[in-house]
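>>> got a predicted structure plus its sequence, pasted below:
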Amino acid sequence: MNAINSKNIRLFALLLGTFSAACADAATVTLLDENFDDGSNTSIQSLLSSNPTALPTGTLWSSTATANSVNLRLGTDSINTYNSGNPLQRFALAAGSNFFLPATSANKFLVMGDDSGQLAGSPTAGTFGFATPFTLASGTTDITISFDWVFSAFLFGSATPDTDQFKVGISGSGFNINSPLTTTASVIDQSIFSYGKTYGPDSVTLAVASLGAADVNGNYWLSFGLFENASSVTNGAVGIDNIKITANLAPVPLPAATWSFLTGFMGLLALGKRKRSAL
């Protein structure tokens, strides 16, 4: 009898441990994962028209200057290297290095604010945006946004310097790709006056309550925006890669019926023990 009793108790403990773990553990799911490596296109607009599945469905971009100012570059592109004469004209941080790795033609990254070559080229003024939609998973309590980025700017000529701004945020209802720096929740907000370089990667966690309401389709938008001052004195550009959003889900409580079953099972074990003791 004691052996049977011990076996039942061990079974109960196993069931209780399994159900408790299911109740206590929170899950994490991926909502967005984009590294820009799909497709052979070098412009966002051509990629969306010829190979739309290469980017998240619904991806948007905007530019008040030339369309090519929002584009894709290869890891071998000159903007990804180092210019010893003017390091701020390119993304790399040190001689002999590349910012976005691997430095191969198979690796691509997004550039806003420059249409070709290093930052000395045009365009030199305007507002540029890139945004991808995502939908929250049921039970999401907060989300974590991570990506690699670099924002570099140098003084163009000898005129009075101005300020360029790079902002990343999340919006839902009311989001407008033509105003990419206007967001509901801020992820990062960087400004460069005259010249300088700032960079990531960054990983930021935001509570769902801070995101506001979703749009009419139930989507939120991760928005990247660059503003280059109209005076065109501070000439900058932004590089972005490896965008990822994960959602942290609240633990799912056990149904009342499950607890009733466990309680009843415990009662039966106790009753069996009392009967054996009486014998």
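Sure thing, it's come through. Numbering: from 1, shown residues only.

>>> C-alpha from now on. contacts and neighbour counts both.
Noted.

>>> shaky segments in the stretch 151-279 of the chain?
158, 232, 253-279 (pLDDT under 70).

>>> all helices of this protein, in order?
Along the chain, counting by DSSP state H, helices occupy 2-24, 44-50, 256-278.

>>> so which elements touch the shortest one?
What it means is helix 44-50. For helix 44-50, the contact count by 3 or more C-alpha pairs under 8 Å, 6 or more residues apart in numbering; DSSP states H and E identifies strand 70-74 as packing neighbours.

>>> check the offset of the strand it packs on from the chain's centre.
Put simply, strand 70-74 sits 18 Å off its chain's centre (C-alpha atoms, centre = their mean, to the nearest Å).

>>> can you list the helices and strands that that strand packs against?
Packing contacts for strand 70-74, counted by 3+ C-alpha pairs under 8 Å, 6+ apart, involve helix 44-50, strand 60-63, strand 108-112, strand 126-134.

>>> I'd like to check the angle between it and strand 126-134, please.
For strand 70-74 against strand 126-134, the angle by axes from the mean of the first three to the mean of the last three C-alpha atoms, to 10 degrees is 80 degrees.

>>> can you tell me the average pLDDT over strand 70-74?
In this model, strand 70-74 has a mean pLDDT of 92.

>>> send over it as PDB, restricted to the C-alpha atoms.
The C-alpha coordinates for strand 70-74 follow below in PDB (Å, rounded to 0.1, in the frame of the first residue of the first chain):
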ATOM      1  CA  VAL A  70      16.000  55.900 -49.500                       C
ATOM      2  CA  ASN A  71      18.000  52.900 -50.900                       C
ATOM      3  CA  LEU A  72      19.800  49.700 -50.200                       C
ATOM      4  CA  ARG A  73      23.600  49.200 -50.200                       C
ATOM      5  CA  LEU A  74      25.800  46.200 -50.300                       C
END
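
>>> rewinding a little: winner for burial among the helices and strands packed on strand 70-74?
The highest average neighbour count among those, using mean count of other C-alpha atoms under 10 Å, belongs to strand 108-112 at a mean of 26.

>>> next, the angle strand 70-74 makes with that strand.
Going by the same axes, to 10 degrees, strand 108-112 makes 150 degrees with strand 70-74.

>>> partners of strand 108-112, with directions?
Strand partners for strand 108-112, identified by DSSP bridges, are recorded as strand 70-74 (antiparallel), strand 234-249 (antiparallel).

>>> neighbouring contacts of that strand?
For strand 108-112, the surrounding residues in contact (C-alpha atoms under 8 Å, 6 or more residues apart in numbering) are 35-37, 69-75, 100, 128-129, 226, 237-241.

>>> and if you look at stretch 155-173?
Contact with stretch 155-173 is made by 151, 181-195, 211-216, 219-229, 231-236, 238, as judged by C-alpha under 8 Å, 6+ apart.
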